[in-house]
Structure formats: structure tokens, C-alpha cells
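Novice: let me see the structure of the following:
(chains A and B)
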Amino acid sequence: MLERMRNMDRKSLLFFLSMIGPGFITANVDNDAAGITTYSVAGSHYGYALLWSFIPMLLLLIIVQEMVARLGVVTGKGLSDLIREEYGVRTTVFVMFALLITNLGTCAAEFAGLAASLEIFGISRYFSVPLACGLIWFLVVKGSYKTVERVFLGACIIYFSYILSGFMAKPDWGEVARHTVNPTFQLDAAYVGLLIGMVGTTISPWMQFYQQAAIVEKNIPVENYRFVRWDVILGCVMASVVAFFIVMACGATLHVNGVTIHTAEDAAMALTPLAGHFAKVLFAVGLVNASLFAATILPLSTTYTICEGMGWESGVNKEFQEAPQFMGLYTGLIIVSGGLILIPGAPLIKIMLVSQVINGVLLPFVLIFILLLINKKDLMGDLVNGRTNNWISWTSVAVLIALSIALVYLAAHQFFS
Amino acid sequence: MITDSIYLSELLNRPILDRKGDAIGKIRDLNVVPGDPFPFVEGLYIRTSGKTAYVPMKEINVLNKRIVTIHGDIGSIAYTEPREKEILIGKHIMDKQIVDVNGVKVVRVNDVQLGQVNDHFGMLAIDVGFGGLIRRLGFGKARKGTLIPWRYVTTLEPGLDRLTLTMTRKSLAEMHPVDMAEILTQVSMQERTALLSSLDEETAGDVIGELDDETAAKIINEMEPEKAADVLEQMDPDEAADVLGDLPEKKAVELLNRMDREEAEEVRELLEHDEDTAGGLMTTDYISFPPDMTAEEVMKELRLVAPDIEMIYYLYVLDREERLLGVLSLKDLILASPKVPLGSLMVTNPKTVHATEDKKEVAEMVSRYNLYAIPVVDEENHILGIITVDDVVDMLLPTPLRRKR
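Specialist: You can find the predicted model right below:
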């Protein structure tokens, strides 16, 4: 018929594609520097023994992220807006402050990951970190964030490098399958610690805030909610598969040969003699991408979340005088988290532990708020949780809360010893 | 005795006393009704021994920062839960987003200033400042707020709109479409629909025309089809085409069929063109006259047709087959002697572009020849439409009217 309408078949595909993104991006950012480190360490220490945890973890992740997505589509408001509107100033200030501290720690971890992975290629952190900070700030404030987001969406493909590394490691597939469906449990503190750590890095509060905000921004009508649900599920599955392959690759190479590591960079280095130089490069490139991706998204999303909850003027296209809290927070987050990495002898491990503790303290609150909000009939109408759904959600949340309490205990213990 | 001014945060959770000075309960919320020049407080909901009770304002004896008392005793109050349609300040206004019509932005209510003016106790202003936050957190009671008087704000939530004053509604409708569009990008879909439905179709059309095509298409998609078609009719045809081009085909055709036939035809023609070409950028709203009309006749005619046309600075001279012969500016027309025909006033061989020309090329032409508009023609020099400079500027410098994250 008409020229512009003739493109409609292509357009309805684009219409669908325009709705994918938030869930997919969120889940992939989740495999950030801290995540990759935890997975590598888990694989090198325990081989395939932790692989079974991915199935329950994936289910928990989907349950939580699906509720958040539904909240976003139905209310059209971000999670911080909803907490503020339903639970008042005090609660909001507490949650926002905790989120600020934990995200600051996470940002620092991302810059640390970036610095370390580029050092594999012989690039000094005193060069890479300030450059990355400047680039991120500039891209977001002066550039178009939409473009940046698209670049990163494309960059999600780089995560396949971990899957490739996994294949190059030539695992014993029979063993892998057996450990995946057959839960085994070891009663030693380090094993439990790693298990909890894996859950902690996989399900963290910033994800809920970020994903809901990103979904709200897409203005998705309630009729199209099913697309969003698929986006969320797809993202969670992909993120879990990538993480699974990291654990597997490290299990098949490092663990089998008795090499134990403490960081993701160790893993990349140790892969060379066992799986070849190419595997090392793949691993390191994946880490650079993961750190940069998360370091770009986290400071901005944190700033938006806080400013919206507090009711401060926000927007990257504003002058400093127009939106002082917004610009101040955003710039401050990047400078402080990047700067921490450059302090010679900075207690990086302690910083990460503190941020992990706060993460663990915050998560139960956020999860409970999500469950309370999603059961409010005046907000959600017919899309409140059903009885079965509620039962599953509350159980999952209870499990997560128990795990995060254990995480806080372990991290605090490690911090003081 | 009721105080001249008190903040809501100073009232909530405060004990309320009977005439003997015994506490009968705690203040939970206040209900308001529409009023002029501010909404009036009708009564207080209190929590007393696990139940909710209602105290009408006329029962209140003293209300100030130190004490709240009633005339009677506990026997004189009625136990009742808030009714469905009632508006409660704490529940519906506090912590919510609200539009500051004067400052043209969306703000969050940190606190509400109440007070007595001319025997009416009501909502005088909202506090959107840092002071309000600190007060709510319980640090420092006497913090001064950043107040916006109620006559300058309008609520966003559907159902609360009756609290907005008529005069505020008027200034909302008079707000610049660009500012209104900026506000729309900051609120949720439901609130957006509520705000837009408070505007007449013409204003709504202007506002939607200022949004980016994707957001505009989503809003049109959510509207009642009848209303959507009315709004589209009010928009400039090129903007309407851009919006329809972003909708699913079935929906676009449905809306086109509901629109006024003439308007729909123009939009259909524009939809023929790829949006990255001159044809996709043009509008069919332009002014044209035959070459034998005199300056005087044209002036007379112009007064009749100009109100509905965006661009009247250039007058295009066309032959019977709509082929472009020449152009003259409004200035040329005004300075001409009344009896001269347009044919001898016009500049012949005006600069034109073809419908399939790339839009970058168009921008270059407009910039090089300092034009306010450039006509779009086909192979035989028939005029198809014009491209105005504002659309060129929008293309080169897109206004970031969307939430960035």
C-alpha cells in the first residue's frame, strides 16, 4: 500500500525488538567483574561440584526479575518512585543510602576488573582507569546514551567468548551433565561461602532498580507484557549459561590440573598453558567488556534511581546548576570509584567485602518491598501475584534472605579476621 | 483556634486530645475537597485503639504546632474507614509527583503546608525543597520549606484532577507545547494520558507533535481511537504522518479511516515517502496562488486561509496543473503596488528539491540559500509540499525530549 507502511512487516519485528533489551541487558551486565571472578574461583576450587546450583539460581533469578518487570510495565514507575510513594521518606532515604554505598563498591569492583584485565595486555591501570572514567563520563553527558546502549547490546555477543573458552577447555561432558542435575553438598565453610557468593553476585539490588527503570523508559503497554516476560527469561537464561560455562571452563582446566586461583585475571593467565593463548585472550576480552559495560551503566542508573526517589531534578542533558545533585552524584560516583583503584595499596578486598555486606543487607528489604508492591491491588489491578505465584515468590525470597544473611555473616567474619 | 500555618508532617502521628486533655488517638490522615483558592480540609482520620475514626473540622477546637484538641470527648466521634473516592493528603498527595505549572517541571511533594485563610483551613502550598525532606526525617523542626502555592500546581494521578484550580488548568493549557512535552516525558503512561485528556485536541496535538515519533506513536496508540483521530487532525500533516508511520499498520489504517477525509488524504500522501528523504520531511500545508491574481486580491485571500497554515512567509505561484512557476515572500507582497499581478512580482526558477532527495541534501540547500522553507517537486516540477526550516533544525539538532538513562 503506502511506502512507509510497506515496511510494516519489518516494523512489527522492530516493534518486538524495541521491547527486548531491558531484561537482556540487565541480566548480561550481571556477569560483571565480580561475577566472573566468583565463577572462576568456584570452578578452579571445586571443579564441577557447584554446577548444580545454576538451575535453582536461574529459577530464583527469573522469579525476582519477572516481578520487577511486571511492576514496571503496569505502574509505569521506577522501583525507587514506588518505594517513595508507598513507604515514605524515611524508608526511601535508608534504601537509597544503602544502594549508593553498595553500588559505589560495585563500581569500584568494575574499575578494578577493568584495570586488571587490561594489565594482562600490558596496559597500566594509571592509564586505563582515568581514561575509562573520562570516556564513560563524556559519553553519557555529552554523547547519546541510546547509542552507547546499542553498542553494549551488540557487545553482549562478546560473552559468547566464555562459551567458546568453555569448549576449548574440552570438559568431560558426561561429568558436567552429572554434576548439573545431581546436587552435591560439601559441609565446609569455603564451599558454602562460594555458593552464597555466587547467589550474591547473581541476584543483587541494583539489578531490580535498573531493570524496572529501563522497562519504564520503554513505555510498554500492558497488552504487550508477554514480550517483556520473554525478554527477561531469555536474558536470565543467557546470563546463567555464560556463568555456567565460566565455572565449567575453569573446572575443566584449572581444577583438573590442581591450579587454584583467587581472581579472574589469574584464571585468564592460567588458561594459557592449559587451553592455549587464544583462550586466555578470549577470557580477558570478555572481562574487559564486562567491566566496562557495568561501569558505564551502574553510576548512571544509581544516580537516576536516587534522584527520582528523592525528587531531585535529573537528566544528563541538564546543566550543573539546574540539576546539582544529579550531576554531582554522577560525577562523584565515577571519580570516587575509579580513584579508589588508583590509590597505591588501597584495601580493595576490604572495600569489596564491605560493599558485599551492604548488598546482602539491602537485598532482603528490596525483595520484600517488591513482594508487597506487587500484591497491592490498587497499583497492579488484575496483575497482582496469584496464590500459587505468591507462594513460590515468598518461598524464593525467604531462601534468598536466608542466603544473604549467611553472606553478611561470612563477609563480616572475613573482614575482621 | 486553628493555626495560620502548619506542615502535614507536623500533624501526622500526633496525639489528638479531648476537652479534658486525654489522648483519644493519633492523627493518620486528612481528607480534602476541591475549593477555591485552595482545597479545603474537611476532617481528620484518627487511629484510636486499633480502629479508624473520623473527626470533622468543625469538631476541632485547637490545632497548632503544639496541640490538637476537639470540642467534645471520645463519645462524640464516629468510627469509619475512608471512603473510596475520598482524597487523603497523606495517601494521595504526599511523596507523589506533581506538576509545577509556573516552573514548568515535575516535582515531588516532600511536605504539604496547611493553614487557615479567611475561615478556611486547607492546603496552601506544597514543599518541594531539601528543608521538607529534613523535616520529614525528623531533624530540625523549624526548617523553612521551598514552597509552591497550590494555585501553581496540578496533580497527575487520575481521580485527583478535580483538586486542580480552574485558573491553573488554564495556565496548563497555555503552557508552551515544548514545555508540556518535556513534562510528559517525565511521568508514567497513565499520568500522561490523564494530563493529555485535560487538554483540548488542538493543544494535545501541538504537544504530541513535539515528542519524538516513537513516544508520540505510543501515546496515540493508547488513546481512544476517536480521540486519537481528532488529535491527529489537529496536528501538522507532516507530524501526523511521522507518528502514524511508527504505528502498526492495522492501527494506522484504522485511525486514517476515522480522520476527516481531506486531512487523511494529505497524511496518506505524505506516508508515500521514505522518512529519510525530502518527501518524508515535507508538509502539505503551504500557500499557493495563480499568476494572474493581483497583490490586492492575494492579500484579501491570504487573510482567509492563513490561520490554518503554519508557513505563510512564502507564497508559491502555480499554474493550472500545479506546476511551480515562481515564489514571492510576504515582504514582496506587502511592498508591491496593489494592482500588479503575482506573475510579474514573483521570482522565477526558485530553488527546489525532489521528493527522493536525501534529507541531508535538503538541509544543505536551506542553509546555503538562507531559506525559511523549500518546495518539494516531482520530475515535472509539480509541487508536492514544502519543507520548513524548523523541521530542518529539528533534524540537525534533535531536542532530547525523552528520558535518558
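Novice: enumerate the residues of the stretch 151-300 of chain A near chain B.
Specialist: Counting by CB under 8 Å from any CB of the partner chain, the residues of the stretch 151-300 of chain A lying close to chain B are A:213-214, A:216-217, A:219, A:221, A:300. For glycine as for every other residue, the C-beta is placed from the backbone atoms N, C-alpha and C.
Novice: tell me what the longest strand out of those in chain B is packed against?
Specialist: Using DSSP state E to define each element, chain B has its longest strand at strand B:23-33. Under the contact definition 3 or more CB pairs under 8 Å, 6 or more residues apart in numbering or on different chains; DSSP states H and E, strand B:23-33 sits against strand B:15-17, strand B:40-48, strand B:87-88.
Novice: and it, which strands flank it?
Specialist: Taking DSSP bridges as the criterion, strand B:23-33 sits next to strand B:15-17 (antiparallel), strand B:40-48 (antiparallel), strand B:87-88 (antiparallel) in its sheet.
Novice: for residue A:225, find the nearest of these.
Specialist: Ranking these by distance to residue A:225, with CB to CB as the measure, places strand B:87-88 first at 30.0 Å.
Novice: what's in contact with the closest one?
Specialist: Residues from elsewhere that reach strand B:87-88 (CB atoms under 8 Å, 6 or more residues apart in numbering or on different chains): B:29-33, B:39, B:45, B:82, B:93, B:159-160, B:163.
Novice: same question for stretch A:48-57.
Specialist: Under the contact criterion CB under 8 Å, 6+ apart, stretch A:48-57 has outside partners A:42-43, A:171, A:175-176, A:179-184, A:186, A:191, A:194-195, A:198-199, A:202-203, A:240, A:243-244, A:247-248, A:251.
Novice: list the buried residues of stretch B:124-142.
Specialist: Using 16 or more other CB atoms under 10 Å in any protein chain shown as the burial criterion, the residues of stretch B:124-142 that qualify are B:124-136.
Novice: for chain B, what's its nearest residue on the stretch 251-400 of chain A.
Specialist: Sorted by distance to chain B under CB to the nearest CB, the residues of the stretch 251-400 of chain A start with residue A:311, at 2.6 Å.
Novice: got the phi and psi for that residue?
Specialist: When read as degrees, to the nearest 10, the backbone of residue A:311 gives phi 80, psi 30.
Novice: most centrally placed residue in chain B?
Specialist: Closest residue to the average C-alpha location of chain B: residue B:180 at 3.7 Å, with CA atoms, centre = their mean.
Novice: count of neighbours near the closest residue in space to residue B:235 that isn't next to it in sequence?
Specialist: Leaving aside its chain neighbours, residue B:235 sits nearest to residue B:205 (4.1 Å; criterion: CB to CB, 6 or more residues apart in numbering or on different chains). The tally of other residues near residue B:205 (other CB atoms under 10 Å in any protein chain shown) stands at 22.
Novice: in stretch B:163-183, which residues are buried?
Specialist: So, applying 16+ other CB under 10 Å, buried residues of stretch B:163-183: B:163-165, B:168, B:172, B:175, B:177, B:180-183.
Novice: poorly predicted segments of the chain, please.
Specialist: Because you didn't say which chain, this covers chain A. Per-residue confidence for chain A (pLDDT under 70) gives these ranges: A:1-20, A:143-149, A:273-275, A:316-317, A:348, A:353.
Novice: switch to chain B, please.
Specialist: Segments of chain B classed as low confidence (criterion: pLDDT under 70) are B:140-143, B:398-405.
Novice: re earlier: which element, helix or strand, includes the residue nearest to the centre of chain B?
Specialist: Secondary structure from DSSP states H and E places residue B:180 in helix B:177-184.
Novice: elements contacting that helix?
Specialist: Under the contact criterion of 3+ CB pairs under 8 Å, 6+ apart, helix B:177-184 touches strand B:105-108, helix B:189-197, helix B:201-210.
Novice: which bits of the stretch 251-400 of chain B sit near chain A?
Specialist: If contacts are counted using CB under 8 Å from any CB, the residues of the stretch 251-400 of chain B sitting beside chain A are B:252-253, B:268, B:271-275, B:280, B:400.
Novice: closest to residue A:107 among the residues you listed?
Specialist: Checking those against residue A:107 by CB to CB gives residue B:400 as the nearest, at 24.9 Å.
Novice: so residue B:36 versus residue A:331, what's the distance?
Specialist: Applying CB to CB, to the nearest Å, the value for residue B:36 to residue A:331 is 45 Å.
Novice: so those two - more neighbours on which side?
Specialist: Legend: neighbour count by other CB under 10 Å for residue B:36 and residue A:331, higher for residue A:331 (16 against 12).
Novice: so who does residue B:265 touch?
Specialist: Applying CB under 8 Å, 6+ apart, one finds that residue B:265 lies in contact with no residue.
Novice: looks to me like it is in a helix.
Specialist: Yes: assignment of residue B:265 by DSSP: H, G, I helix; E, B strand; the rest coil places it within a helix.
Novice: the stretch 251-400 of chain B: strands as residue ranges?
Specialist: With DSSP state E, counting those that start in this stretch, the ranges of strands along the stretch 251-400 of chain B come out as B:287-289, B:314-318, B:324-329, B:347-348, B:353-354, B:373-377, B:383-388.
Novice: so which bits of the stretch 101-250 of chain B are right by chain A?
Specialist: For the stretch 101-250 of chain B, the residues found near chain A under the criterion CB under 8 Å from any CB are B:105, B:107-110, B:128, B:133, B:136-137, B:187-191, B:214-215, B:218, B:221-222, B:241, B:245-246, B:248-249.
Novice: flag every buried residue along the helix or strand harbouring residue A:270.
Specialist: Secondary-structure element containing residue A:270, defined by DSSP H and E: helix A:264-275. Judged by neighbour count using 16+ other CB under 10 Å, the buried positions of helix A:264-275 are A:264-271, A:274-275.
Novice: list of residues touching stretch B:54-71?
Specialist: Residues beyond stretch B:54-71 that count as contacts (CB under 8 Å, 6+ apart) turn out to be B:1-3, B:6, B:10-11, B:14-19, B:21, B:24, B:27, B:41-46, B:72, B:76-80, B:121.
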